[in-house]
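[1] Whatever this is, show me its structure:
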Amino acid sequence: MSDDNQTETTDPEPSQTASGIIETAGAHAPVLDEATPDITDEGAQADLTRRTFADFGVEPEICEALAAKGITHPFPIQALTLPVALDGQDIIGQAKTGTGKTLGFGLPLLMDTLGPGEEGWDEDPAAGSPQALVVLPTRELAKQVAEELTMAAAKRTVRITQVYGGRAYEPQIEALAQGAEIVVGTPGRLIDLMDRGLLDLTHVTTVVLDEADEMLDLGFLPDVEKILARTRTDRQTMLFSATMPGAVVALARRYMTKPTHIRAQDPGDEGMTVKTVQQVVYRTHALNKVEVVSRILQASGRERTIIFARTKRTAARVAEDLASRGFATAALHGDLGQGAREQALRAFRKGKVDVLVATDVAARGIDVDDVTHVINYQCPEDEKIYVHRIGRTGRAGNSGTAVTFVDWDDIPRWRIIAKALGLPVTEPVETYHTSEHLYSDLSIPEGVTGQLPRDQRTLEGLDAEEIEDLGETGRRPRDARAGRGGGRTGRGARSGRGGRSGRGQDEGRGSTSRSGRGRSGSPEDAGTQEQAGRPRRTRQRTRGGRPIATRNPDSAGD
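    Purely as a prediction, here's the structure:
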């Protein structure tokens, strides 16, 4: 179906059953913007995903690293992006979180980057300096993207450094001083290091802006413009965003050169909401919500579950209440230090806890395929947040269940969301923990109570996952001297701006990629590789098959 008729359909309208389940089979939600893409995957997904990464010209070493992780065939957004990116063109990629964008921009970025010991390294004026930059809105996303790039670069000597707030400055400064070819970070910490003269972007030839719409929502676009102004004007720029609001389009027009607009959808997803997700909406009383949630968490087939709250205080309280009822629960919100946030995510991914209570901003980096249930403890602010939340389940072709609680005061807001998404605008069904339809809708066994039986409390829990001391930066040095407490990290990565913790923790040194699997990646180690019998790589930094020109200091922005 083309974009021209995407808002017109003869399919049946969405409907809501008497129990509160939203029927969406065969319904198409409106598209998010009016821009007509240059390339789409409509009608070509099967053909695209039959090809391998090698078929697209990805170098053998990277293909081997991907194959070692069971990755051989690209997702649609990757298959569409690779030929254009490898040709050196600017790209606007439109795809939702979780569709595989990272490898779409990451593989061309790796192929255009020289690592220590590779042929041409000694002659390259950019040797040891950042050659590529990836900018993301949240710490969790930055960590996730850096880890995925490190995985793809496992057989290369390219060094990947994570730069984001909430961690001590010193390990990140040390990693940059030792040399980093690829820097992945959040706007606040990147600008902080730039202003200190510790991060030089004049050799950067590839810039990726991921989740651009979220950077807009978090107020980061002015910071992004400042970062782009420090890079070469002849750089390759790739921008990825789920939606294309006016400010993001304006950013693309100002800083990109004849970009190719690519749009890809999730398999089986023809609109803003995923068909494989069962959507249930209940009108619930605030004092009864925890009782209802505790029943939902005992539904048949329920595994990993994310509960979204609107405020940090609510997230903390709900997590505590559920933990007291025997559920293996962790909280994820902005009042937690970075170490505690990473502890919660690791415990969730490893299955030590199976219930994560999170706020929207903190949950941007959650990328777990086997989430079976999402519960909107509070009604989302708008349709974009609703789509983001329920998109945490039903991923990678799996089915999922999304339950939304709507308070009496939130009925008008829900009507606006439902209308924007093409969902039924009927009144949510009034529901309590004793309501019969709650059990039938969600396959909850009869007789369950608000407490998880002791014989089912088998998970290790959050305390089983070690918390790292990251030398977190939530305050400026003068605040510390004044004895002011509070490890509150604030919004995004901005809270650490201008503040040093004064301690460099060894754990923080993990922000430098060990893509060489035990090799330090320093130039001195390059000779050791040859002595061990490994041939030197023959490589020259190129873009679209053409050598990248020697850096001209005047080519960088002011």
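[2] Need the three-state assignment for residue 305.
    The three-state assignment at residue 305 reads strand, by DSSP: H, G, I helix; E, B strand; the rest coil.
[3] low-scoring stretches of the protein, by residue?
    In the predicted model of the chain, residues 1-20, 22-49, 97-98, 265-275, 362-365, 394-398, 425, 469-558 satisfy pLDDT under 70.
[4] how about a cut-off of 50?
    1-13, 24-34, 43-44, 46, 267-271, 474-539, 550-558 (pLDDT under 50).
[5] Can you give me the domain boundaries for it?
    Domain ranges of the chain: 40-267, 277-464, per automatic domain parsing.
[6] what's the closest of those domains to residue 21?
    Nearest of those to residue 21, taken as Cβ to Cβ: domain 277-464 at 5.2 Å. Any C-beta I mention is one placed from the backbone N, CA and C, and that applies to glycine too.
[7] Endpoint to endpoint, that closest one covers what distance?
    32 Å (Cα to Cα, to the nearest Å).
[8] what ranges do the strands span in the stretch 1-150 of the chain?
    Applying DSSP state E, counting those that start in this stretch to the stretch 1-150 of the chain gives strands spanning 15-16, 21-23, 39-40, 91-94, 132-135.
[9] Please enumerate residues in contact with the last one?
    Residues outside strand 132-135 that contact it (Cβ atoms under 8 Å, 6 or more residues apart in numbering): 105-106, 109, 112-113, 142, 145-146, 149, 181-187, 190, 201, 204-210, 215, 224, 227, 231.
[10] Can you tell me which of these are buried?
    Applying 16 or more other Cβ atoms under 10 Å to the contacts of strand 132-135, the neighbour count classes 105-106, 109, 112-113, 142, 145-146, 149, 181-187, 190, 201, 204-210, 215, 224, 227, 231 as buried.
[11] one step back: in a markdown table, list the domains of the chain along with distance to residue 21.
    Rendered in a markdown table, the data for these read as follows (distance: least, Cβ to Cβ, whole Å):
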| stretch | distance to residue 21 |
| --- | --- |
| domain 40-267 | 22 |
| domain 277-464 | 5 |
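[12] who touches the closest residue to residue 390 other than its chain neighbours in this structure?
    Once flanking residues are discounted, residue 390 sits nearest to residue 402: 3.9 Å by Cβ to Cβ, 6 or more residues apart in numbering. Shown in contact with residue 402 (Cβ under 8 Å, 6+ apart): 277, 278, 279, 280, 373, 374, 375, 376, 389, 390, 393, 394.
[13] Is the residue nearest to residue 297 when sequence neighbours are not counted in a helix, a strand, or coil?
    Leaving aside its chain neighbours, residue 297 sits nearest to residue 327 (5.8 Å; criterion: Cβ to Cβ, 6+ apart). For residue 327, the secondary structure call by three-state DSSP comes out as coil.
[14] Please identify the most buried of the domains of the chain.
    Among those, domain 40-267 has the highest mean neighbour count (mean count of other Cβ atoms under 10 Å), at a mean of 21.
[15] Would you map the helices across the stretch 201-350 of the chain?
    212-217, 221-229, 246-255, 289-296, 312-324, 338-350 (DSSP state H, counting those that start in this stretch).
[16] and of those helices, who's closest to residue 366?
    Between the helices of the stretch 201-350 of the chain, helix 338-350 lies closest to residue 366; by Cβ to Cβ that is 7.0 Å.
[17] helices or strands up against the closest one?
    When contacts are defined as 3 or more Cβ pairs under 8 Å, 6 or more residues apart in numbering; DSSP states H and E, helix 338-350 sits against helix 139-152, strand 329-332, strand 355-359.
[18] Output these in TSV; the columns should cover distance to residue 219.
    Shown next, in TSV, are those (distance: least, Cβ to Cβ, whole Å):
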stretch	distance to residue 219
helix 139-152	16
strand 329-332	21
strand 355-359	16
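[19] For residue 262, which of those is the nearest?
    Nearest to residue 262, of the helices and strands packed on helix 338-350 and by Cβ to Cβ, is helix 139-152 at 18.4 Å.
[20] Which secondary structure elements does that closest one sit against?
    helix 60-68, helix 101-111, strand 132-135, strand 160-163, strand 182-185, helix 338-350.
[21] out of those, which comes closest to residue 299?
    Smallest distance to residue 299 across the helices and strands packed on helix 139-152 (Cβ to Cβ): 18.5 Å, for helix 338-350.
[22] what's the offset of the closest one from the middle of its chain?
    Chain-centre distance of helix 338-350: 15 Å, with Cα atoms, centre = their mean, to the nearest Å.
[23] do stretch 455-470 as well
    For stretch 455-470 - counting by Cα atoms, centre = their mean - the centre lies 24 Å from the chain centre.
[24] Stretch 442-457 too?
    Distance, centroid of stretch 442-457 to centroid of chain: 33 Å (Cα atoms, centre = their mean).
[25] cool, stretch 283-291 as well?
    In terms of Cα atoms, centre = their mean, the centre of stretch 283-291 is set 31 Å apart from its chain centre.
[26] what's the first-to-last distance across that stretch?
    This stretch, stretch 283-291, spans 14 Å end to end (Cα to Cα).
[27] ok, and what's touching it?
    Stretch 283-291 has contacts (Cβ under 8 Å, 6+ apart) with 292, 318, 321-322, 325, 377, 405-408, 411, 427-433, 450.
[28] May I see the helices of the stretch 201-350 of the chain organised as a markdown table, with distance to residue 62 added?
    As requested, these are exported to a markdown table (distance: least, Cβ to Cβ, whole Å):
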| stretch | distance to residue 62 |
| --- | --- |
| helix 212-217 | 26 |
| helix 221-229 | 27 |
| helix 246-255 | 28 |
| helix 289-296 | 43 |
| helix 312-324 | 39 |
| helix 338-350 | 24 |
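[29] The ones you listed: which one's closest to residue 172?
    Nearest of these to residue 172, taken as Cβ to Cβ: helix 338-350 at 12.3 Å.
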